[in-house]
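Asker: need the 3D shape of this:
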Amino acid sequence: MRASMGWVLAGAAWLLASVTSPAALASDLRSVLSVVPAPMLASRSGLIAGSIDLRALSATGESARERLVPIVTSDTVQAFFWKDGADWRSKSGVAASDLSGFLVFGDAPSTVTLWRFAAPGKAAALLRSLAGKGFTRNDDGTLSNGEPFKIDPARRDPADPFLGPLGRASTFGAAGGGVVQSASPKIVSYLQQPEPGASLADEPPVAAALTGLEAAAGSARIPQAVLLGEAALVAAPKGSQAEGGVPPVRAIVIADIEEREAERRGAVVALGYADCEAARMASKAFADAWSTAPDRSGKPGAERTGAEAATRVVPSNGACAAVITLAKPVAGQQGNAVYRYIVQALMQRDFRALQGR
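Answerer: Presented below is the predicted three-dimensional model:
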């Protein structure tokens, strides 16, 4: 996976004509994360997973360029938005309207992309079509279009989701109600028949963070979200409980929210903890830092974005989540200024509300 701001993102208002339904809510993120193996929580990059909900994106009425902040992405996702998506149908054989979203996880070069479909049967149709696109079936039922991890510059095509800008071979398989793709055949084979009870969504800190997100987001649309682990914060100074900073945390969910009734947009930050006392300390420390800790520009997040912090603590099966909602009126915003500020600051190792003073 990459942490690159160099996407060639397209105006994608045409993406989907349908309005987001109640199914495209916070609980949907828990469902897609159930595909991810639990050991991913220890990802060496700390960038564990990124989700894009194409239905929610379309319902905002904004383009991908205006809204999306690709901290966790893949060649396939970039191919979807390449040159306004003009080549997507011809290269992939899949209509944009057939897709409901993507989930990306795993460290490069074994990054995994989950293709999520809007209707039953579309995933199987994609797998059937791969035989006509240079793929052969392996003994375990997966399909590959070349030697694992091999790069072939002669085949590179950034608009082609099967080869990408490096011409790297892919393996496909069925998983999680959709289709998974990776340069690693072993990972795809495992995801087809994962071990019972080995889901990332069931890990206590992740489950707690997701419960917190669900409580805070309610019926808000979530066009994009990212799940981070503690390794994402290692390179930055981290506050300690004694210093009044955010206590160390193993799982952080940051979601782009669009509150339809209140006509507000912003971000929900949910931090998963083993106990509610740590969650209470974290929510207070985050809110204090958001209001007072300056970033590289010399201003705190509240001043930079115009969004005040509302905090709550949400219990979750013996664990607890510190939940911070940062939202402001939609009027005058292009994209989601709050979510963009948080994610870009994290990428620059300059987000004091999480990384200490």
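Asker: so the residue positioned nearest the centre of the chain bridges to which residues?
Answerer: Against the mean C-alpha coordinate of the chain, by Cα atoms, centre = their mean, the closest residue is Gly50 at 1.7 Å. Beta-bridge partners for Gly50, by DSSP bridges, are Val104, Val226.
Asker: so how far is Pro223 from it?
Answerer: 12 Å (Cβ to Cβ, to the nearest Å). (C-beta placed from N, C-alpha, C; glycine too.)
Asker: ok, back up a step: thinking the residue nearest to the centre of the chain is in contact with Thr111, fair?
Answerer: No: Gly50 lies out of contact with Thr111 (Cβ atoms under 8 Å); the separation is 10.3 Å.
Asker: all strands for this protein, in order.
Answerer: 47-53, 99-105, 112-117, 136-137, 143-144, 171-175, 178-182, 224-229, 251-259, 264-273, 309-316, 319-329 (DSSP state E).
Asker: where in the stretch 151-300 of the chain is pLDDT low?
Answerer: Scanning the stretch 151-300 of the chain for pLDDT under 70 picks out the ranges 234-245.
Asker: any idea how far Glu230 is from Leu354?
Answerer: Glu230 is 10 Å from Leu354, by Cβ to Cβ.
Asker: then Leu228?
Answerer: 9 Å.
Asker: and the residue lying closest to Val249 once chain neighbours are set aside, how many neighbours?
Answerer: Using Cβ to Cβ, 6 or more residues apart in numbering and skipping residues adjacent in sequence, the residue nearest Val249 is Leu271, 4.6 Å away. When neighbours are counted by other Cβ atoms under 10 Å, Leu271 registers 29.
Asker: who's in contact with Leu271?
Answerer: Applying Cβ atoms under 8 Å, 6 or more residues apart in numbering, one finds that Leu271 lies in contact with 209, 212, 246, 249, 251-252, 279, 282, 286, 321-323.
Asker: among those residues, who's most crowded?
Answerer: When neighbours are counted by other Cβ under 10 Å, Ala209 leads those with 35 neighbours.
Asker: hang on, the earlier thing: who touches both of Leu228 and Leu354?
Answerer: Residues within reach of Leu228 and of Leu354 at once, by Cβ under 8 Å, 6+ apart, are 252, 346.
Asker: the helices in the protein, which residues?
Answerer: Taking DSSP state H, the helices of the chain run over residues 26-33, 54-60, 64-67, 75-81, 88-92, 122-129, 185-192, 204-217, 276-292, 301-305, 337-347, 352-355.
Asker: the ones you listed: which one's closest to Ile151?
Answerer: Closest to Ile151 of the helices of the chain, according to Cβ to Cβ: helix 75-81, at 11.6 Å.
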